[in-house]
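[1] Dropping a prediction and its sequence here:
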Amino acid sequence: MKRIFTRISVLAVFLLLAINVAFAQNITVKGVVTDGGDKTPLPGVTILIKGAQGGTQTDANGNYSISVPSTATLVFNFVGYTAQEQAVANRTTINVALASSTQQLEQVVVVGYGTQRKIDVTGSVATVKGEDISKQISTNPVGALQGKVAGVSITNTGTPGGSPTITIRGSGTIYGKTVPLYVVDGVWYDDINFLNPADIANISILKDASAQSIYGIRAANGVVLVTTNKGKRGDAVINYNGTVGFQKVTNQVEMANASEYATAVNEAYALQSAQPLFANTNLGEGTNWYDVALRDALITNHQLSISGGSEKSTYNLSLGYLDQDGIVKNNNYKRYTARLSNDFQVFEPLKIGYNVTATSSKSKDPASGIFRALYAASPVVPVFNADGSYGDPNAFNLGNGSNMNPQATLDFFNQNTTRYKVTGNVFAELKFLKNFTFRTSLGGDFGQQEVRGYVPVYKASNTQQNTNSKLDIDRIENRNWIIENTLTYDRKWTDHNVTVLVGQTAQRNKMYEINADALNVPYTSEGDLYLALGDAATRNITDKGEISTFASYFARINYSYKNRYLLNASIRRDGASQFFGSDNLWGNFPSIGAGWVITNEDFMKDQKIFSNLKLRGSWGKVGNAGVPFNPSTQTVDQSAGLIAFFGGLPYTGASIRSIVPPFLLWERSAGTDVGLEMGFLDNRLTVEADYYNRKTEQAIFDIPVLGSIGTQNSSLIANQADIQNRGFEFSATWADKTEGGFSYSISGNVGMNNNKVLNVTSGSNPIYRGGEGLTSGYLSTRTVNNRPIGEFFGYQVEGVFQSDAEAAAWPGFKRGDFKYADTNGDGIIDLKDRVVLGNPNPKFTYGVNTNFAYKNFDLTLDIQGVADVDVFNANLSNRFGNENYTKDFITNRWTGPGTSNSYSSASLASGLNNAPNSFYVEKGDYIRLRNIQLGYTLPQAISNKMKMQRLRVFLNAQNAINIFGYKGFSPEVGGSPTNAGIDTNVYPLFATYNFGLNVTF
């Protein structure tokens, strides 16, 4: 890896020297840009150097000045006008008149295996430009999409190096993979955390089955197409983007201080008829464990790119470095990226090229369970005693619920995660017989992840100690490749336009994992941790692996007549090795879409309302092959409990304790989409609305197993359910300019989704989940027929028992306990009284995105939020006893008759008080100032004197303002479909404040 970066650095220096020579030949070109119709000056017109990244803008009077090579070509762009190119040809004055256009209609959209004009697309495809992604200052490109696309829900994570969760039009699976398919320059991935956001040119999100079906068995969760930056013809352009800033905890949960905590604990003991734990409750503030462990964290990100090319070849080289501290102490993430792409026009019909990305990252991982520990730790325990030893919870007889010192957890946790990945592809493209293009590509993805954990010998307290050091190493290797061949026929004649695509794909994915550990490994330095140094008798090693292969054939036809009537039809046939042995080794995934551009009809020519009016509809089928691998082999249990002794000799018995489930097949989704696209006032206002109905067929669901047959598993899984997601999406954009040089755009989007399980073959048997971390022993979510996936399920709180006399009628309850609804009226509170408490699947997601520019200043402001969603506050409900309380609970708790009828007493760990109930389910709605960025670009004359094409400085704030009613750090929690929205030990989000610099040479 070091050799790679060294060679790249040498190349960068060489190109830098070369460009300095080229700058000596620049000339200054001036001129004025006007409207081609009324000849008025156009302020804010963008003037770029073709094949370069530098440029300028016209001032309030339409004037511009730019320093360029005498042989350069200038490109003039402005919203609502047709782009125009002008060759400099040694001219020092170039005046330009721009003609009005329907720019939105001519926009090119990346779709599966090609591109289409926006006006020709019959499916639901959303596009986000790379420049919009780069303004988000996100370390992961997926996080930058939050709030920008209707129907796309993104849950970010606070963990440095973590990947956000993306859901496109709702969750349609329970046991299958939930991630979309990412296609980066033709190579398929499950995650794009390895990509530097600055390397991205644009992202297309395929939202409906018609657009997705060309990817068949991998497209059920949506498809995200990523196009990276390419070199352009022209002189070399060097571009630097850098930011430095800090991350700050927002909405920190306020916890009880030592005196409040001691008082509440004594109250809980009194309710249990026990002696007070604290003789003196006047203990002052005590320890604020959040202040001890959390910090303002530094983040810095740098990217250097060099691009250019000649008539026969282009190149793009980029280097990236990210260094991000976590908001919890000792947590850090570093990432190095390098990317190189070249395209060569060998001769007129033949083009070849390649791109390769190398990524290396290393993280010092956050301590396991640290955020749960910070929430639960008692404030009466000091960080350190006067003698320097760790504060010991056992000295206060606090019991199991608060028996940790988080400082000791931080000090003795030692786990690093390193990742290496090299990925890319090579391609060749041949044009022949005028209308044909053949393309072949070979892509690969080779990666390794290693998690190394070390626990030293230490003793912080009787409950936080380790007597034998231990080294754990977990290594995962991935070796994937994909070969694709396509043949395209494209022809235009008279009023007809037809494009036919046929193709073939072969893939192989291989994963190998090895786990090893050993005891008594000495520690001298990080570089000397080897398993061979541990005790030989304690060494353990296990391994496993997976290999899956895919073969696919596909075809698509796009047809338009007079740019009015559109037709799109495709078919893909996929085969997957993991389904070998079934009758469904191969699957067919068809789609069809149609569109009507109403404004191109003759009867619409004289109307003045619509500049664009288009109606489209589509239907298609896709699949999800990311289901559990078939456990098709009957296993025999020969555990130690089955050993019997006869004549003093041991004999191992055997038992069949599990049932092999039916053969699992891929899940299929069939979807319908109807959309309306409208443009008004020369497309300054554009509106798009969609209705969709997607149904996952043969979804994997539980089948109950009778306990009387003697198996360990109480259920099996099989393809036996349908899951529906249907909803509406709406987006609108207004873009305009003023004569004074002010240009702006305002975009808004909202998505509404309803999720429901349908038609479970085995009936109304539920799937109970959501028990991770719950101390009550109950499960907090239920998935059942005719209800959404993963609903919160538990007792409905009707109030609080004010006296023992009131509680006497309900066995097991006492004064101060939650009063639950007896929903079935049998006079007993038991599991039969549980009801639906909330829904973790957001019904509404929305975003507002704005851009403003005036002369040399620019401002970006993005707002994002969700509505009609619930969160389960498991931090508060998970109690063994004596965990700390929030300030909100302390202030509002029941302390005697009449003091509260909504908050229970401090005795949360007793009885059924910590069982899942409506008190712990809170509204998860929020609205957030997702991003705000203010930039200033140096006047071109000053930049030229500094030998630069462009210099821009900016200030950026992300997640600076968060408005919500939830009583935790953030309602943005995430989780798998049946465990979503449960807030326990979640790494909280934070606000980020940056200063940045963009320089182009």
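    Cool, the structure landed.

[2] pLDDT-wise, which helix or strand of the chain ranks last?
    helix 2-23 (a mean of 40; mean pLDDT, DSSP states H and E).

[3] How about the following helix or strand past that helix, which residues are buried there?
    Toward the C-terminal end, the helix or strand that comes next after helix 2-23 (DSSP states H and E) is strand 26-35. Neighbour-count burial for strand 26-35, counted by 16 or more other CB atoms under 10 Å, picks out 26, 29, 31-35. In short, each C-beta sits where N, CA and C put it, glycine included.

[4] And the contacts of strand 26-35?
    Outside strand 26-35, the residues within contact range by CB atoms under 8 Å, 6 or more residues apart in numbering are 40-42, 45, 47, 58, 61-70, 74, 76, 78, 81, 88, 90-98, 100, 944.

[5] Might you calculate how far stretch 164-183 sits from the centre of the chain?
    Relative to the chain's own centre, stretch 164-183 is displaced by 10 Å; criterion: CA atoms, centre = their mean, to the nearest Å.

[6] Let me see the contact set for the residue nearest the centre of the chain.
    The structure's the chain has its C-alpha centroid closest to Pro164; by CA atoms, centre = their mean the separation is 2.5 Å. If you count contacts by CB under 8 Å, 6+ apart, Pro164 has them with 140, 142-143, 146, 154-157.

[7] change it to 10 Å
    With contacts defined as CB atoms under 10 Å, 6 or more residues apart in numbering, Pro164 is in contact with 138, 140-146, 154-157, 191, 193, 972, 974.

[8] How about Leu206?
    Residues in contact with Leu206 (CB under 10 Å, 6+ apart) are 110-112, 123-126, 168, 180-181, 183, 212-215, 219, 222-225, 622.

[9] now with 8 Å?
    Neighbour list for Leu206: 111-112, 123-125, 212, 215, 219, 222-225 [criterion: CB under 8 Å, 6+ apart].

[10] Looking at those, which are in helices?
    Among the contacts of Leu206, the members found in helices (DSSP state H) are Gln212.

[11] Out of the contacts of Leu206, the closest to Leu501 would be?
    Gly112 (9.0 Å; CB to CB).

[12] the helices in the stretch 701-850 of the chain, which residues?
    Listed in chain order, the helices found in the stretch 701-850 of the chain under DSSP state H, counting those that start in this stretch are 804-807.

[13] Could you list the low-pLDDT ranges of it?
    Under the criterion of pLDDT under 70, the regions of the stretch 701-850 of the chain flagged as low confidence span 706-714, 772-776.

[14] Okay, strands next: where are they in it?
    Listed in chain order, the strands of the stretch 701-850 of the chain (DSSP state E, counting those that start in this stretch) span residues 715-737, 742-758, 767-769, 781-783, 791-794, 797-800, 818-820, 835-838, 844-854.

[15] what do you get for the stretch 401-550 of the chain?
    With DSSP E, counting those that start in this stretch as the criterion, the stretch 401-550 of the chain has strands spanning 414-432, 436-455, 458-459, 465-466, 470-493, 496-519, 540-561.

[16] Let me have these in CSV, extended by distance to Val187, mean pLDDT and mean neighbour count.
    As requested, the strands of the stretch 401-550 of the chain are arranged in CSV below (distance: least, CB to CB, whole Å; pLDDT from 0 to 100; neighbours: other CB atoms under 10 Å):
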stretch, distance to Val187, mean pLDDT, mean neighbour count
strand 414-432, 5, 96, 17
strand 436-455, 4, 96, 18
strand 458-459, 45, 95, 14
strand 465-466, 44, 94, 12
strand 470-493, 6, 96, 17
strand 496-519, 10, 96, 16
strand 540-561, 14, 95, 16
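
[17] Distance to Arg616 for those strands - can I get that in JSON lines?
    As requested, the strands of the stretch 401-550 of the chain are exported to JSON lines (distance: least, CB to CB, whole Å):
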{"stretch": "strand 414-432", "distance to Arg616": "30"}
{"stretch": "strand 436-455", "distance to Arg616": "26"}
{"stretch": "strand 458-459", "distance to Arg616": "65"}
{"stretch": "strand 465-466", "distance to Arg616": "63"}
{"stretch": "strand 470-493", "distance to Arg616": "21"}
{"stretch": "strand 496-519", "distance to Arg616": "16"}
{"stretch": "strand 540-561", "distance to Arg616": "12"}
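
[18] my guess is Thr178 contacts Gly975, does it?
    No: contact criterion CB atoms under 8 Å: Thr178 and Gly975 do not qualify, at 10.3 Å.

[19] Which one of the strands of the stretch 701-850 of the chain lies nearest to Gly935?
    When those are ranked by proximity to Gly935, the top entry is strand 844-854, at 9.1 Å, counting by CB to CB.
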